[in-house]
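Novice: Fold the following.
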Amino acid sequence: MSLHSSSRATIVATLLACSLASAQTTEQLPGFDLERLETNVGRGTLLVGNGELMVPGGLSVTLLGHYQRRSLVLSDGLQDLQVVRDRATAQLSASYGLLSWLEVAAQVPFVLWQQGDDPTQAGLAQLSAQGLGTPVVQARLGLLSQKYRQPIDLAADLGVGLPFGNGTALAGDDGLRFHVRMVAGTTLGWLRPSLEAGVLFRPAIRLDTAEAEAKPGASSEVRLGAALATTGKGLRGELGLRATLAPQVSMDLLGGARFPLLVGLDAFIMGGPGLGGAPGAPRFRVLAGVAFHDEPPPKLSFIDENADRELQLSLATPPPPPEDDRVRPVSTWELNSLSRGDPQDTSAEAGAPKEPLRPYQPSPQEKLVLRGEVRFEKGSSELAGVVPLLDQVVLQLSDQPQGGTIIVEGHADSEGTDTSDMFMSLRRAQAVRRYLIDQGIPATRVRIRGFGADWPVSAKPANEQEHQLNRRAEVLVITESSPSLSTQAPAP
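Specialist: This is a model prediction of the structure:
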């Protein structure tokens, strides 16, 4: 391809979206960051956050690869010069929960490889094939949270791009750049929609003309985003839209999936077309990578049942149902406990110790929809990936028109002292609760209790299988029984 010298200024002006009366020939494209797509760091989808913050001490690390096609094409109206036809980049990003309302993050991109038509045909110098991109550091401030019964999750992002990128690889601006944006999200059943709006202030691209040298300054770009993701622990779908409103408009529509590899480690892949003629808006993109998430469980808190009916954590004994003791079914661990001496046998004695907390038994006004057990390894409160029983609990509760309550009771196997056993049983119940909430169950529907090692299934375990029977969490789905219909008139 051959372009005469009078068209070179038109080519550069088209690249920079500037209206210039005349321009002089330049051998090197002005250094700037060609990449227009920003990825999300922390919670949310790959393109757009959801307004949630990492819990204090939580860590998220993402490594992704990015391929884009025809991200920089120059034209003089007659012919096209594909300066950057194929481009492959990588990005390493990390996010850390510093406080309950503050999350800090950083991301570093790299240009791994790029190629295109020979730019010397237009009188332009060759671009670097590799280079460091623009590092970005960011602070995310939590403003609203559904964890505190507020209507949505809302956060504000404040970030700065450092001028360390390689300009000759079209990977860095000449100075600092700043962004401010708001991110909001909510949960609608099994869907998680989110929205984002912000402004990016970046150094204006300088272009020397025959009349004068362009003055340095800053230009602004309005950036909008929307995303829709499914919730759950297994395969999840993501759909995202990012738009940049500047002198020229560009948009990216990407869809893909995210799936678990190991506990805390997910893989993802997304792809889709780019729209618009702005530099950095390719014909299509493909992104793939892995994301690691590690968040400590929330701190245990004890709430008085009489002070707050929406229990998240309680050790209080529910009141026994009236006249229920005569016909109440006796569970296996209660029979085993009798062999050790049931506290009820000594309740009539003077100075007898108080009866310990007993497992929950539904009253006649309640209906037990589902009951099951989740087993744990010795000394562990971690769930091994997908738990079919808990998925069934989610389905059962969603099928109840009147709603219901999930009761999770944690147990230990005399693995330590009474205090450590109680703590371990609570952690196991808490792990089940966190799994159910991640599946979309409202937190106010899940109540957990810890029993330590007071109610074993096997009172004197002789092998590992019997020990594991004691390391468990009992899960009960309770609803209110429908009143029976009667055609008889009430007795006078």
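
Novice: Could you list the low-confidence segments of the protein?
Specialist: 1-30, 76-77, 122-123, 205-218, 298-356, 481-492 (pLDDT under 70).

Novice: longest helix anywhere in it?
Specialist: Ranked by residue count under DSSP state H, the longest helix found in the chain is helix 418-438.

Novice: Show me what that one is packed against.
Specialist: On a contact count with 3 or more C-beta pairs under 8 Å, 6 or more residues apart in numbering; DSSP states H and E, helix 418-438 meets helix 388-398, strand 405-410, strand 446-450, strand 472-480. Backbone N, C-alpha and C define where each C-beta goes, glycine included.

Novice: In JSON lines: these, plus distance to Tyr67 and mean neighbour count.
Specialist: What follows is the helices and strands packed on helix 418-438, written out as JSON lines (distance: least, C-beta to C-beta, whole Å; neighbours: other C-beta atoms under 10 Å):
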{"stretch": "helix 388-398", "distance to Tyr67": "35", "mean neighbour count": "17"}
{"stretch": "strand 405-410", "distance to Tyr67": "45", "mean neighbour count": "23"}
{"stretch": "strand 446-450", "distance to Tyr67": "43", "mean neighbour count": "24"}
{"stretch": "strand 472-480", "distance to Tyr67": "45", "mean neighbour count": "22"}
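
Novice: can you list those in JSON lines and add distance to Phe110?
Specialist: JSON lines is the format used below for those (distance: least, C-beta to C-beta, whole Å):
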{"stretch": "helix 388-398", "distance to Phe110": "40"}
{"stretch": "strand 405-410", "distance to Phe110": "45"}
{"stretch": "strand 446-450", "distance to Phe110": "43"}
{"stretch": "strand 472-480", "distance to Phe110": "45"}
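
Novice: Need the three-state assignment for the nearest residue to Ser458 once chain neighbours are set aside.
Specialist: Leaving aside its sequence neighbours, Ser458 sits nearest to Glu466 (C-beta to C-beta, 6 or more residues apart in numbering; 4.0 Å). When classified by DSSP: H, G, I helix; E, B strand; the rest coil, Glu466 comes out as helix.

Novice: OK, contacts around the closest residue to Arg427 other than its chain neighbours?
Specialist: Excluding the flanking residues, the one nearest Arg427 by C-beta to C-beta, 6+ apart is Ser381, at 3.7 Å. Shown in contact with Ser381 (C-beta atoms under 8 Å, 6 or more residues apart in numbering): 424, 427-428, 430-431.

Novice: cutoff 7 Å now
Specialist: Contact analysis of Ser381 by C-beta atoms under 7 Å, 6 or more residues apart in numbering lists 424, 427-428, 431.

Novice: contacts for whichever strand or helix holds Leu64?
Specialist: Element membership of Leu64, judged by DSSP states H and E, is strand 59-75. For strand 59-75, the external contacting residues (C-beta under 7 Å, 6+ apart) are 11, 14-15, 34, 42, 54, 80-96, 122, 279-280, 282-294.

Novice: domain assignment for this protein?
Specialist: 5-208+215-294, 332-480 (automatic domain parsing).

Novice: which parts of the host helix or strand of Leu195 are buried?
Specialist: Assigning secondary structure by DSSP H and E places Leu195 in strand 191-203. For strand 191-203, a neighbour-count test (16 or more other C-beta atoms under 10 Å) marks 192-196, 198, 200, 202-203 as buried.

Novice: for it, packing partners?
Specialist: strand 177-185, strand 218-230 (3 or more C-beta pairs under 7 Å, 6 or more residues apart in numbering; DSSP states H and E).

Novice: Determine which stretch of the ones you listed is the most buried.
Specialist: Most buried of the helices and strands packed on strand 191-203 by mean neighbour count (mean count of other C-beta atoms under 10 Å) is strand 177-185; its value is a mean of 20.

Novice: List the strands paired with it, with their directions.
Specialist: In the sheet containing strand 177-185, its partner strands are strand 153-161 (antiparallel), strand 191-203 (antiparallel), by DSSP bridges.

Novice: now the angle from it to strand 218-230?
Specialist: With axes from the mean of the first three to the mean of the last three C-alpha atoms, to 10 degrees applied, the angle from strand 177-185 to strand 218-230 works out at 30 degrees.

Novice: Please compute how far strand 177-185 lies from its chain's middle.
Specialist: Remark: strand 177-185 is offset 17 Å from the chain centroid, using C-alpha atoms, centre = their mean, to the nearest Å.

Novice: So that it lines up with my notes, have the first residue be 57 from now on.
Specialist: All set: I'll call the first residue 57, so the last point we hit is now strand 233-241.

Novice: who's in contact with it?
Specialist: So strand 233-241 is contacted by 100, 105-108, 208-217, 248-259, 279 (C-beta under 7 Å, 6+ apart).

Novice: just stretch 445-461 next, same as before
Specialist: By C-beta under 7 Å, 6+ apart, stretch 445-461 touches 425-426, 428, 430, 462, 488, 491-492, 495-497, 501, 503, 531, 533-536.

Novice: again, but for stretch 305-319
Specialist: Contacts of stretch 305-319 (C-beta under 7 Å, 6+ apart): 92-93, 103, 289-300, 322-332, 334, 336-337, 341, 438, 441.
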